[in-house]
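A.B. asks: My questions are about this predicted structure, shown below with the sequence.
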Amino acid sequence: MRLIESYMDALAAALHVRGRRRRRFLDECREHLTNAAADRGEHDAVRAFGPAATIAAAFDAEAATQRALRATSLTVAGVLLTGASTLALIQGAEAGTTAPALWAIVFFVAAQLAGTAVALASLQGLAQRHETIAPAELSLLCRRNLTALVSAGVTMFAAGAAVPGQASPFALMAGPVLVCVAFVATLRARHLARRLPGARDAATRSPLEDLRRLLHAHLPELTPARLLAAVTVLAAAAAFARDRAEHASAAGAAATAGIEAFAVVACFAFFGRELGLWRRAATSGSATPTHTPA
Amino acid sequence: MRRDLFRGHLESLLLAALAGAPGHGYEISQRLTRASAGEISPTEGSIYPALHRLERSRLVTSAWSVGDGRRRRVYSLTDAGHRAVDASRREWATFSSAVDRIMEMAACA
């Protein structure tokens, strides 16, 4: 069994995943090779099993996918629960408190960024849940999760700084605790994903493509620029309608809509690349949005 | 047969190999080779990432089993796995009959 042992050493050295999953995989491979060697000899058994590096890379990719999808579920739960904790915080604010403008802006921008990032991560996770995700897209999924988690934390912090008050410690802590758990899970997934070949390649992924896969529906193809235009118009219209519903003047509502539109465009410019919505054109080196179909 | 011809079908083949009875990885690879008279023999190590993926999708389930003094991970189809086998069998029948018709057309030309 010397040949099998040296193959198993090579497989173990090439494998990056650690823990129970690693032990199970190696046990299964050893058992397979032992059975195969009894039937047709060690040399043939090892040859038919395939190169150790290739098999290890395929298993690492599957393990990283599993971790990233679990981290995405935790991220969704963490962001939602942090939203609930933030609402509890706002409900518990002292009567008559007025939020400083800076904290109010941070609150609204971070909340929308958290919502966007978690929506992108959930769509990607759902669309790719039955496949082994390519390393570059795994890194993208982890970035989307991390952006959502950090933004959710900033949202709650901004709410606490803007309107101090009192609420049940359980209601306040539930969200942040789950965010921390999801953060660690995402970092673990990213750590494994980054060791896979191609993990640092740029990846873009349109949410419309994910929606198309999930709904099996015909949705229009939109370049990142058109997607941005559509989202900006929708967000500005929603901000205008919300302000008018709260009895603001038309001019005041229009100003809010303008701020909202500016925030959407600025977030797209600052975070769009990290979130895989656009990437730099490779030839010109300019920041022209380009679209890569998923 | 060229390996790349069935690369996209490995998961369907693994599910089909488990449709009759549960089995461990080596047994499954032997079933594929026997049933295809040696025409289909995937790189055996690639079966395991695919089986783990099928387990993540809840199409198969697995458990350690001890027999002949050896410990083996035995895979079996779930209800969803049985439904997936039926669906892929229908899909394959439609696809292969379409390819047959095209190939016959080419032979007649």
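C.D. replies: Perfect, I can see it now. Bear in mind the structure is a predicted one, so any value in this text is a computation, not a measurement.
A.B. asks: which stretches of the stretch 151-294 of chain A aren't confidently modelled?
C.D. replies: A:281-294 (pLDDT under 70).
A.B. asks: and if we set it to 90?
C.D. replies: Scanning the stretch 151-294 of chain A for pLDDT under 90 picks out A:160-172, A:197-204, A:216-224, A:246-248, A:256, A:278-294.
A.B. asks: Around chain B, pick out the residues from it.
C.D. replies: By CB under 8 Å from any CB of the partner chain, no residue of the stretch 151-294 of chain A approaches chain B. From N, CA and C alone the C-beta is placed, and that goes for glycine too.
A.B. asks: A:A189 versus whichever residue of the stretch 151-294 of chain A sits closest to chain B, what's the distance?
C.D. replies: Here the stretch 151-294 of chain A gets closest to chain B at one residue, A:L196, 12.5 Å apart by CB to the nearest CB. A:L196 is 11 Å from A:A189, where distance means CB to CB, to the nearest Å.
A.B. asks: who's more crowded, the two?
C.D. replies: Neighbour count, other CB atoms under 10 Å in any protein chain shown: between A:L196 and A:A189, A:A189 has more, with 25 against 19.
A.B. asks: Show me what counts as buried in the helix or strand containing the more buried one.
C.D. replies: Element membership for A:A189, per DSSP states H and E: helix A:169-193. Across helix A:169-193, burial judged by 16 or more other CB atoms under 10 Å in any protein chain shown covers A:171-172, A:174-176, A:178-179, A:181-183, A:185-186, A:188-190, A:192-193.
A.B. asks: now do stretch A:271-279
C.D. replies: A:271-273, A:275-279.
A.B. asks: what's around the spatially closest residue to the residue of the stretch 151-294 of chain A closest to chain B that is not a sequence neighbour, how many residues?
C.D. replies: Leaving aside its sequence neighbours, A:L196 sits nearest to A:P135 (CB to CB, 6 or more residues apart in numbering or on different chains; 3.9 Å). Neighbours of A:P135 under the rule other CB under 10 Å: 24.
A.B. asks: do the same with A:I105
C.D. replies: A:I105, neighbours per other CB under 10 Å, totals 15.
A.B. asks: what does A:R30 give?
C.D. replies: 17.
A.B. asks: following whichever strand or helix holds it, which helix or strand comes up?
C.D. replies: Element membership of A:R30, judged by DSSP H and E, is helix A:20-40. As assigned by DSSP H and E, the chain's next helix or strand after helix A:20-40 is helix A:42-49.
A.B. asks: So B:R72: helix, strand or coil?
C.D. replies: strand (DSSP: H, G, I helix; E, B strand; the rest coil).
A.B. asks: Mind listing what's buried along stretch B:62-72?
C.D. replies: B:62, B:72.
A.B. asks: hmm, who's touching that stretch?
C.D. replies: For stretch B:62-72, the surrounding residues in contact (CB atoms under 8 Å, 6 or more residues apart in numbering or on different chains) are A:27, A:31, B:24, B:51, B:55, B:73-76.
A.B. asks: now with 6 Å?
C.D. replies: Defining contact as CB atoms under 6 Å, 6 or more residues apart in numbering or on different chains, one finds that stretch B:62-72 is touched by A:31, B:24, B:55, B:73-75.
A.B. asks: before we move on, what about stretch A:183-201?
C.D. replies: Against stretch A:183-201 from outside (CB under 6 Å, 6+ apart): A:16, A:60-61, A:64, A:67-68, A:71, A:74, A:135-136, A:138-139, A:142, A:145-146, A:149.
A.B. asks: now, among those residues, which is nearest to chain B?
C.D. replies: A:A61 (7.3 Å).
A.B. asks: Confirm for me that the closest one is in contact with A:T132.
C.D. replies: Yes: here A:A61 reaches A:T132: they are 5.1 Å apart, a contact under CB atoms under 6 Å.
A.B. asks: Please say which of those two ends up with more neighbours.
C.D. replies: Each of A:A61 and A:T132 has its neighbours counted (other CB under 10 Å); A:A61 has more, 24 against 21.
A.B. asks: could you measure the more buried one against A:R70, distance?
C.D. replies: 15 Å.
A.B. asks: Pull the contacting residues for the residue nearest to B:A19 when sequence neighbours are not counted.
C.D. replies: Computed as CB to CB, 6+ apart, the closest residue to B:A19 that is not its neighbour in sequence is B:V85, at 4.9 Å. The contact partners of B:V85, by CB under 6 Å, 6+ apart, come to B:15-16, B:19.
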